[in-house]
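Engineer: Structure for this input, please:
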Amino acid sequence: MRKLVLICFVLIGMDSFSQHVIEPTNQFSVQGLVKTQLSVTIPELASYRLHTVDSVVIINHLLQEKYTLKYLKGVLLKDILVKAEIKSGTPKELSEYYIICIASDNYKVVFPWNEIFNSKTGETVYILSEVDNKPATMSNDRITLIFTNDIATGRRFVKGLEKIIVERVK
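Structural biologist: Now for the predicted structure:
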């Protein structure tokens with residue numbers, strides 16, 4: 001009986017240390033404080049202005065290099081948000097808004113409105129449509145969001161992007 005209990009604990013422990021699998025996504029929604037809620041599929045990303053990035057090294061929170069993404073094409077997050085049109089009574093209120101990007105495994109990354117629309121950051125946050133010159137439909141993660149100027153690029157690398165929610169600080 002002790003051996004059976006020990007085996008169960010070992011198997012449970014191995015499962016908890018195994019790699020977390022993120023469910024790939026083929027579309028994401030834009031919701032919250034927007035005039036037009038959107039549902040954007042991978043093929044629809046091609047209707048937006050595409051930007052090219054040669055490569056991005058993915059670095060984890062310990063500043064260890066994990067891997068490199070090469071030959072990327074993507075749409076700026078702010079271009080998606082412009083199409084959805086953020087609801088605001090006055091321009092001053094926009095400083096109270098923030099954008100939550102949520103993955104299929106519920107991983108969340110938050111950007112203040114000013115970071116996306118009022119700084120150079122907004123020019124480096126992409127929703128990828130191609131990786132390694134292959135369409136996102138051929139990627140294991142499908143839709144991903146990446147901020148190319150972070151030091152630890154893995155911290156705001158959202159694999160399996162499922163939702164973008166615009167909210168206002170209360």
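
Engineer: Please name the residues that touch the residue nearest to residue 147 when sequence neighbours are not counted.
Structural biologist: Nearest residue to residue 147, sequence neighbours excluded (CB to CB, 6 or more residues apart in numbering): residue 156, at 4.4 Å. In short, each C-beta sits where N, CA and C put it, glycine included. By CB atoms under 8 Å, 6 or more residues apart in numbering, the contact list for residue 156 reads 109, 145, 146, 147, 150.

Engineer: ok, now residue 26?
Structural biologist: Counting by CB under 8 Å, 6+ apart, residue 26 has contacts 41, 42, 137, 142, 143.

Engineer: again, only using 7 Å
Structural biologist: 41, 42, 142 (CB atoms under 7 Å, 6 or more residues apart in numbering).

Engineer: Equivalent analysis for residue 27, please.
Structural biologist: 39, 40, 41.

Engineer: Would you mind checking the contacts of residue 26 for buried ones?
Structural biologist: Buried by 16 or more other CB atoms under 10 Å: 42, 142, out of those.

Engineer: ok, so of the contacts of residue 26, who is nearest residue 73?
Structural biologist: Within the contacts of residue 26, distances to residue 73 taken as CB to CB reach their minimum at residue 42, with 11.7 Å.

Engineer: thought the closest one was touching residue 141?
Structural biologist: No: counting by CB atoms under 7 Å, residue 42 stays clear of residue 141, with 11.3 Å between them.

Engineer: tell me the helices in this structure, going along the chain?
Structural biologist: 2-17, 77-84, 113-117 (DSSP state H).

Engineer: Let me see the contact set for residue 111.
Structural biologist: Residue 111 is in contact with 98, 99, 125, counting by CB under 7 Å, 6+ apart.

Engineer: Let me know how buried the second one is, in neighbour terms.
Structural biologist: Read it as residue 99. 25 (other CB atoms under 10 Å).

Engineer: try the last one
Structural biologist: Counted with other CB under 10 Å, the burial measure for residue 125 works out to 25 neighbours.
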